[in-house]
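1. with the input below, show me the fold.
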Amino acid sequence: MPKPSEEKKDFTLKNEEVPLPDGGYGWFVVLSSFLIHFVTLGISYTFGVYQTFYYNDLFQHKVKMSTLSLVGTFATSFMTIFGIFTGHLADRYGYRVISFVGCFFVGGGLIAASFATQPWHLYLTQGLMYGIGASLCFCPAVSLPSQWFVKYRGLATGIAVAGAGVGGLSLSPITRKLIDVVGYQWTLRIIGMCAFVILAIASALLKTRLQLPPRGVLIDLSLFKQRYFQLLFSGALVLSIGYMIPFFHVSNYAVFKGMTASQGALITGFINGASAVGRVVLGLVADKVGRINAISFCVLLDSLIILVFWPFATTFSSVFAFAILYGFFGGGYISMLPVVSAELFGIEKIATTIGLVYASTGFGYLIGIPVGGVIVDHSRPRNTCALDISKSETDLATQV
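-> Numbers count the residues shown, from 1 in each chain. Next up, the predicted model:
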């Protein structure tokens, strides 16, 4: 029986012999990842539509908006926090298997939420259950493109993660229309069933290029011994506290400044659309100028955009311009995280590595999204949360 060290060495040598196609079936993997991002993050980004309905109609103003916002916060945060486990599970048992399991949690969580009568029902279904399922699908999807590409790794990953922005842009009006036509319960059921089908098809397309690594501990913390990983983890944590605030709250901010709810929703849609474009374009640029250079540039530029635009954004056109610019360069940061992780720490246990990196963002979202809502609510004459986000992003740029 081979020793663990010999088994690991043999595994490494075998994977080094596998050629990198930089295309071929890798593009089907990119398509699969795009679809998974479209569903998991796209649905998360549309929670504001559900939240408005829950507040005005289901609970008729008897439940605080901040209480309901925790449902969306839990869904988004748990999707990445559970990456601590789901990334390693994908490396251990196979990407396709783990993603298939996630399909049932995502679809089941949304369908179960349609029967909710209390906020805590939503916490367990649309929050926790959905978040776990999304994590099981998300970690394999965001990790695999890096196994199939080297020269075009930034572009491939950018296209894959652009699914999130496209999902946020398209699913929001679809969800709103369905609620108006068939009611929120059947909307959740229809979205849940469609999500299950799309995720099942996408999971079937997932295919690892490398041999699975030898089985190890469930939570591999050995990466924390490396200084570069410590910097990337802590930097992503700090940045994520503020990163999602514009995506979740720019609509409310626009209304506070005298714009209509429809204009606020339009701005939310375009910040997601700009994010999708930025993920692809800046992913391509990163392949030319270097991935670490690209992520540093995106973070620094986003900070400048906040300092220059948001404090003076009081009209529809100025808030709209801020949303486009922030979404575009913020999308570049998101597309670079898995690429930089692969470049710094290798691809043999890429899901484990990326799962740990994204877990840091989940903890940041858990803090930043609800706190950001409070800040926006108490800053109608002056947008102080912009400065908080800028500080977070500057900190990350310095560390990277």
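
2. and residue 314, what helix or strand is that in?
-> Assigned by DSSP states H and E, residue 314 belongs to no helix or strand.

3. how many neighbours does it have?
-> Neighbourhood size, residue 314 [other CB atoms under 10 Å]: 12. C-beta: built from backbone N, CA, C; applies to glycine.

4. and if you look at the one 3 residues further on?
-> Residues lying near residue 317 (other CB under 10 Å) number 8.

5. any idea how far residue 263 is from it?
-> Going from residue 317 to residue 263 by CB to CB, to the nearest Å gives 10 Å.

6. what sits against the closest residue to residue 357 other than its chain neighbours?
-> Leaving aside its chain neighbours, residue 357 sits nearest to residue 341 (5.4 Å; criterion: CB to CB, 6 or more residues apart in numbering). Residue 341 sits next to 146, 232, 350, 353-354, 357 when contact means CB atoms under 8 Å, 6 or more residues apart in numbering.

7. repeat the analysis, applying 6 Å as the threshold.
-> 353-354, 357 (CB atoms under 6 Å, 6 or more residues apart in numbering).

8. where does this structure dip in pLDDT?
-> Counting by pLDDT under 70, the ranges of the chain that qualify are 1-21, 211-220, 261, 372-400.

9. tell me the centre residue of it?
-> Taking CA atoms, centre = their mean, the centroid of the chain lies closest to residue 41, which sits 5.6 Å from it.

10. which elements pack onto the strand or helix carrying that one?
-> Residue 41 is part of helix 26-45 when elements are defined by DSSP H and E. On a contact count with 3 or more CB pairs under 6 Å, 6 or more residues apart in numbering; DSSP states H and E, helix 26-45 meets helix 130-143, helix 145-148, helix 153-182, helix 184-205.

11. most tightly surrounded among these?
-> Among the helices and strands packed on helix 26-45, helix 130-143 has the highest mean neighbour count (mean count of other CB atoms under 10 Å), at a mean of 31.

12. OK, contacts around the closest residue to residue 200 other than its chain neighbours?
-> Closest residue in space to residue 200, ignoring its immediate chain neighbours: residue 103 at 5.0 Å, by CB to CB, 6+ apart. Contact analysis of residue 103 by CB under 6 Å, 6+ apart lists 196, 199-200.

13. related to what we said a few turns ago, helix or strand right after the helix holding residue 41?
-> Next along the chain after helix 26-45, taking DSSP H and E as the criterion, comes helix 47-53.

14. residues contacting that next one, please?
-> The contact list for helix 47-53, computed with CB under 6 Å, 6+ apart, reads 68, 72, 172, 175-176, 179, 184.

15. which helices and strands sit right next to the helix or strand just after it?
-> Sequence order places helix 65-81 as the next helix or strand after helix 47-53, per DSSP H and E. Using 3+ CB pairs under 6 Å, 6+ apart, the elements in contact with helix 65-81 are helix 130-143, helix 350-377.

16. in a markdown table, list the ones you listed along with distance to residue 270.
-> What follows is the helices and strands packed on helix 65-81, written out as a markdown table (distance: least, CB to CB, whole Å):
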| stretch | distance to residue 270 |
| --- | --- |
| helix 130-143 | 24 |
| helix 350-377 | 18 |
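
17. so for residue 308, which of the ones you listed sits nearest?
-> Closest of the helices and strands packed on helix 65-81 to residue 308 is helix 350-377, at 19.2 Å (criterion: CB to CB).

18. what's around residue 24, how many residues?
-> Residue neighbour count, defined by other CB under 10 Å, stands at 10 for residue 24.

19. name the helix or strand for it, please.
-> Using DSSP H and E, residue 24 maps to neither a helix nor a strand.

20. excluding covalently adjacent residues, which one is nearest to it?
-> Using CB to CB, 6+ apart and skipping the chain neighbours, the partner closest in space to residue 24 is residue 148 (7.8 Å).

21. likewise for residue 268?
-> residue 251 (4.6 Å).

22. residue 36 now?
-> Nearest residue to residue 36 in three dimensions, chain neighbours excluded: residue 141, at 3.8 Å (CB to CB, 6+ apart).

23. same check on residue 106?
-> Nearest residue to residue 106, sequence neighbours excluded (CB to CB, 6+ apart): residue 133, at 3.7 Å.

24. hang on, isn't the one you found packed against residue 105?
-> Yes. In this structure, residue 133 is within contact of residue 105 by CB atoms under 6 Å, at 2.5 Å.

25. now the nearest residue to residue 179 once chain neighbours are set aside: how far from residue 248?
-> Among residues not flanking residue 179 along the chain, residue 187 sits closest, at 5.0 Å (CB to CB, 6+ apart). Remark: distance between residue 187 and residue 248 (CB to CB) = 20 Å.

26. just the element for the residue nearest to residue 357, please.
-> Applying DSSP H and E as the criterion places residue 341 in helix 316-345.
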